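sharing a model that was predicted from the sequence below.
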Amino acid sequence: MTPAQLAQLAAAERSAAAAVRHEVAVCTGGSCGSAGAAAVVEALAREAGAVGGGGNIRVKGVGCLGLCRQQRGGPPERVGVLVRVAPENHLYADITAEDAPRLVRSLGRAPLLERLVDTGQAFFTRQRRIVLETCGRVDPARIEDYIAAGGYAALLKALERPPTEVIAEVTRSGLRGRGGAGYPTGLKWSTVAKARGSEKYVVCNADEGDPGAFMDRTVLEGDPHRVLEGMAIAAWAVGARHGYIYCRAEYPQAIARLRTAIRQAEGHGLLGPAIADTPFGFRVEVRVGAGAFVCGEETALLASIEGGRGTPRPRPPYPAEHGLFGKPTLINNVETFANIPAIVREGGAWLAAIGTDKSKGTKVFSLAGHVVNTGVIEVPMGITLREIVFEIGGGIPNGRQCKAVQTGGPSGGCIPASHLDTPVDYESLVGLGSIMGSGGMIVMDDSTSMVEVARFFMGFSMKESCGKCVPCRVGTVHMHELLSRIAGGRGTARDLALLEELCDMVRQTSLCGLGMAAPSPVLSTLRWFRDEYEARLLAAAEG
Amino acid sequence: MREDRHRPVPPTPDAIWERIDAVMRRHAYSSHALIETLHVAQEAFGYLDKATLAWVAGSLRVPLSRAYGVATFYHLFRTEPPGRQLCVVCMGTACWLKGAGEVMRGIAQTLGVHDGETTSDGQVSLLSAHCVGQCGMAPLVVLDGEVVGPTSAPTVVARIAARRAGPSPAEEAG
Amino acid sequence: MAEDLAVSTLIIDGRDVAAEGGRTILEAAREHGIDIPTLCFLDGLSAVGACRLCLVAIEGAPRLVPACTTRIAEGMVVTTSSPRLAAYRRRIVEFLFSERNHVCAVCVVNGHCDLQALATRLGLTHVEVPYRWPTVPVDASHERFLLDHNRCVLCTRCVRVCDEIEGAHTWDVRGRGIEARVITDLDTPWGHSTTCTGCGKCVQVCPTGALAHKGRAPGEMVKARDFLPYLRRMREHGT
């Protein structure tokens, strides 16, 4: 497949699409998928055929359209699916199979007003979609759709330049690891490229274990080819011929879509032994996790791909030198890879012009919890938490007040409402006692007990501890016990002091990030909501 | 490809073992295929019993204890038969904020089991999941693979009871 | 490689020391009479950095590093003991005492136990964290050996010696976190294991009374570990 052939295929697809009068795109992302998206697609296709629309109406499934739920208060509304109609650009919510006949009949006529979603609202207009630029536009099950939208052109362009130039572009972009660590991506690629050895691997961390995070899921299910393209460009840049996508087992649809996408790409010569008829070959395989949050840690992930228990290894040596099967390995998160095609296409400087001084580009967040708009968003770095929660998120439902915003999952912390004007970037969040994390952003209203939040996260870390090192294995149990006592009003001042001591010790002495960061939610809630802990101690003293 | 003269014979003459063998063969019987293989084996039998583990371990030339260590490390692998119905309550942050704790407690109390247990009549297994990534449906429960949400303990218990009264999933599948 | 044989000079606890490149901080320290406390480490077995007792501070490094797995580097400045490190080490041992049921008075290795020795050496006089008193089993199925989970600290020396030295890999770990336990074969009673050769190496390397010879009264079991560096030397230099 030469660039010319790719362009030809893209053009053919685009003109076929242009020939159709209406395109009805049904969201098949996580929540919509479970709400019956497949049935809606089927019903719409049937209706389109029934009204003789056949060639004039094209019904297709697309990836997540972003707005999973909009709820201001009251009982849960009817759960349905998002559907977008082109060229009118109407977005409907809560569509079920029963709505198919009247939806089809409304095409080219008056829209279904009661189902219409205002696409002029902040949720849509304030986003800057780069990672998600094709998600929601393309049918993830059709490579032709992705190619029509410009897919794989970046890969072919990268193959025409020396690997060092591709790495330089990534470095210029300022992209930092989007899995949470924020390590400079260009530097990581450079390290692997320079590592000795002809056998190298590219691994995509698709383990997304943080509870409340579903950004990677959205990309994997909605735009799998983008991830593959990013990985292939990376392989070219670092000199790898084999790649693995380690995807958690809780995402069966993502796994299926990835496998289909790999087959399709290989069929088009865009993956496999000789990509675009060049000597460069790159084969990717999906490896399925089996339910272990710790496998999101790089060395544990590699141990799992190697068929073993997911226990982390001491670092150094780092995976860049000594990784999968002992070979130099590049591991990056899904979102990191999904940035690459745009960087190659537009140039690194283009991405560096977005965001802040040290945090370039955009970040995909999954917004959930006590917030009106639940869904997946992509915003430029530097946007404030207030904008995200109140404008994009639509504010707090049920007439309540915002108390805190939690980022970074069990490894992160809570930013209190008083600091919502904090810009979202790596350093600012760390400064407030949290981390960027992978992108899970949970809004908590004033009905939330912050001690219970700390206990919840500690319980999670405790259950997910691999058990290899003493501080995490035993420390999380003791810290959880102390939090339970305090939360239950049975804790003493000594308990609180001991909790703080153990937090320091576990943080400093644990073997891997899980243990090191397990105390973070406790430390963060102690920093901003200490009074809640102390109020419970007083209760114990009185009782 | 390794020589097969030392490869163990499957525990029973059932053709189902061929499906599992195919996965191992695809990976050239490499020890790295252990987790992939265990997934297929569990799909085939519903859980991983010792005979299955021994056969897979022997085929991949992985020590027995290592295979057992892997099978018991991961949350999704079961070494005990599951109940006829699988009720998984998502305990992710968003679900928890929206009452997943009560959902779990309500179901557990009604069924008379704890998280991770199966009812004594073997009908229902109650498990928790650490986020299935569909926070728009919070709080949610996955009943036999089907996502139900936003939901409540009474709703889930009613559905379980209805399922119990009707044909089993295996019977339905035919 | 040539670089590995080159000598590195570094500073440990204020002392200038020279050691062969490629050595770990633990090795270099021990060569110079500086004994860093360890538990999961045993000369002759691979190092896993799991117990975290040997954590040391390196100037300029943001985190503490395990001496048993970290290679020395030219100019490194290492601190192996300080009040802070001592406090962390005591906590680690406290955690171990609280995790399972360690009752020295009735234990076969009373007086000859690595865990006990550590507590004494670190000045641990009481355990502040609550004792868990878990219910864990004892496996007496083997003819000559006893497995008592009450005394296990999950150091995994048994797993490593059986895998790396004997080659049988009879032992491994089941479950994870606080529920983790060492097991033989498919969590088979030890006496019914089809892979165990009965060599007893695991019993000798076990730091506590978790693995012991049957028929010993409290305090009677003394472990003999010289075979380990001996076997390793013989295998390295053997033809």
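Cool, got the structure. Numbering: from 1, shown residues only, chains lettered A, B, ... in the order given.

show me which residues of chain C sit near chain A.
C:48-52, C:55, C:63-64, C:66, C:69-71, C:87-88, C:91-92, C:95-96, C:98-99, C:128-130, C:132, C:153-154, C:173, C:175-180 (C-beta under 8 Å from any C-beta of the partner chain). Backbone N, C-alpha and C define where each C-beta goes, glycine included.

in helices, which of the residues you listed fall?
C:Ala87, C:Tyr88, C:Arg91, C:Ile92, C:Phe95, C:Leu96, C:Ser98, C:Glu99 (DSSP state H).

need those residues in CSV with neighbour count and pLDDT, can you?
Formatted as CSV, these follow (neighbours: other C-beta atoms under 10 Å in any protein chain shown; pLDDT from 0 to 100):
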residue, neighbour count, pLDDT
C:Ala87, 14, 97
C:Tyr88, 20, 98
C:Arg91, 26, 98
C:Ile92, 25, 98
C:Phe95, 24, 98
C:Leu96, 25, 98
C:Ser98, 19, 98
C:Glu99, 22, 98
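
quickly note the distance from A:Val85 to A:Ala93.
Between A:Val85 and A:Ala93 the computed distance is 12 Å (C-beta to C-beta, to the nearest Å).

brain fart, A:Arg400
23 Å.

do B:Ala71 as well
43 Å.

hang on, the earlier thing: who has more neighbours, A:Arg400 and A:Ala93?
A direct count of neighbours by other C-beta atoms under 10 Å in any protein chain shown for A:Arg400 and A:Ala93 places A:Ala93 higher, at 22 against 15.

mind listing what that one touches?
A:Ala93 is in contact with A:Leu67, A:Gln70, A:Gly80, A:Leu82, A:Arg115, A:Val117, counting by C-beta atoms under 8 Å, 6 or more residues apart in numbering or on different chains.

got it, and B:Tyr47?
B:Arg78, B:Thr79, B:Glu80, B:Pro81, B:Pro82.

looks to me like the second one is in a helix.
No - residue state for B:Thr79 (DSSP: H, G, I helix; E, B strand; the rest coil) corresponds to coil; a helix is not indicated.

the closest residue to it other than its chain neighbours in helix, strand or coil?
With sequence-adjacent residues excluded and distances taken as C-beta to C-beta, 6 or more residues apart in numbering or on different chains, B:Thr79 is closest to B:Leu48, at 5.5 Å. What three-state DSSP gives for B:Leu48 is coil.

what packs against the helix or strand bottoming out on mean pLDDT in chain A?
When the helices and strands of chain A are scored by mean pLDDT, DSSP states H and E, helix A:30-34 comes last with a mean of 85. Here helix A:30-34 touches strand A:67-70, helix A:215-222, going by 3 or more C-beta pairs under 8 Å, 6 or more residues apart in numbering or on different chains; DSSP states H and E.

pick the most deeply packed of the ones you listed.
helix A:215-222 (a mean of 29; mean count of other C-beta atoms under 10 Å in any protein chain shown).

contact partners of that helix?
Residues outside helix A:215-222 that contact it (C-beta under 8 Å, 6+ apart) are A:28-30, A:33, A:62-64, A:131-132, A:135-136, A:140, A:206, A:208, A:226-227, A:247, A:251, A:253-254, A:257-258, A:333-335, A:338, A:364-366, A:376, A:438-440, B:133.

look at B:Pro167 and report its pLDDT.
On pLDDT, B:Pro167 comes in at 62.

and for the one 4 residues further on?
Confidence per residue is given as pLDDT, and for B:Glu171 that number is 56.

quick one, what contacts residue 56?
I went with chain A, as the question did not name one. With C-beta under 8 Å, 6+ apart, A:Asn56 has these contacts: A:Val20, A:Arg21, A:His22.

not what I meant, chain C
Contacts of C:Val56 by C-beta under 8 Å, 6+ apart are C:Ile25, C:Ile36, C:Leu64, C:Val65, C:Pro66, C:Ala67, C:Thr70, C:Val78, C:Thr79, C:Thr80, C:Leu85.

isn't C:Cys199 up against C:Gly167?
No - assessed by C-beta atoms under 8 Å, C:Cys199 is found out of contact with C:Gly167, at 10.0 Å.

who's more crowded, the two?
Each of C:Cys199 and C:Gly167 has its neighbours counted (other C-beta under 10 Å); C:Cys199 has more, 16 against 11.

ramachandran angles for the closest residue to that one other than its chain neighbours?
In space, and not counting its chain neighbours, C:Cys199 is closest to C:Glu166: 5.4 Å by C-beta to C-beta, 6+ apart. The phi/psi pair for C:Glu166 (degrees, to the nearest 10) reads phi -80, psi -30.

could you check how far the residue nearest the centre of chain C is from chain B?
Chain C has C:Cys40 as the residue nearest its centroid, 2.1 Å off, counting by C-alpha atoms, centre = their mean. As for C:Cys40, its distance to chain B is 17 Å (criterion: C-beta to the nearest C-beta, to the nearest Å).

for C:Ile165, same thing?
14 Å.

contacting residues around that residue?
C:Gly44, C:Leu45, C:Lys201, C:Leu228, C:Leu231, C:Arg232.

pLDDT value on the fifth one, please?
For C:Leu231, the model assigns a pLDDT of 91.

need the contact list for the residue nearest to B:Leu64 when sequence neighbours are not counted.
Leaving aside its chain neighbours, B:Leu64 sits nearest to C:Asp185 (4.3 Å; criterion: C-beta to C-beta, 6+ apart). Shown in contact with C:Asp185 (C-beta under 8 Å, 6+ apart): B:Leu64, B:Ser65, B:Tyr68, C:Thr170, C:His192, C:Ser193, C:Thr194, C:Thr195, C:Cys196.

with A:Tyr146 instead?
Contacts of A:Tyr146 by C-beta under 8 Å, 6+ apart are A:Thr134, A:Val138, A:Tyr152, A:Asp223, A:His225, A:Arg226.

the first one: how many residues sit nearby?
Neighbour count for A:Thr134, taken as other C-beta under 10 Å: 25.

one more: the last one?
Using other C-beta under 10 Å, A:Arg226 has 32 neighbouring residues.

please look at it and A:Val344 and confirm they touch.
No - at 12.0 Å, A:Arg226 does not count as touching A:Val344 under the criterion of C-beta under 8 Å.

and the chain, what are its domains?
I'll assume chain A. Split into domains by automatic domain parsing, chain A comes to A:15-117, A:151-352, A:362-445, A:450-542.

was after chain B, sorry
B:16-73, B:85-173.

does the longest one reach chain C?
No - for domain B:85-173, no contact with chain C is found by C-beta under 8 Å from any C-beta; the gap never falls below 10.8 Å.
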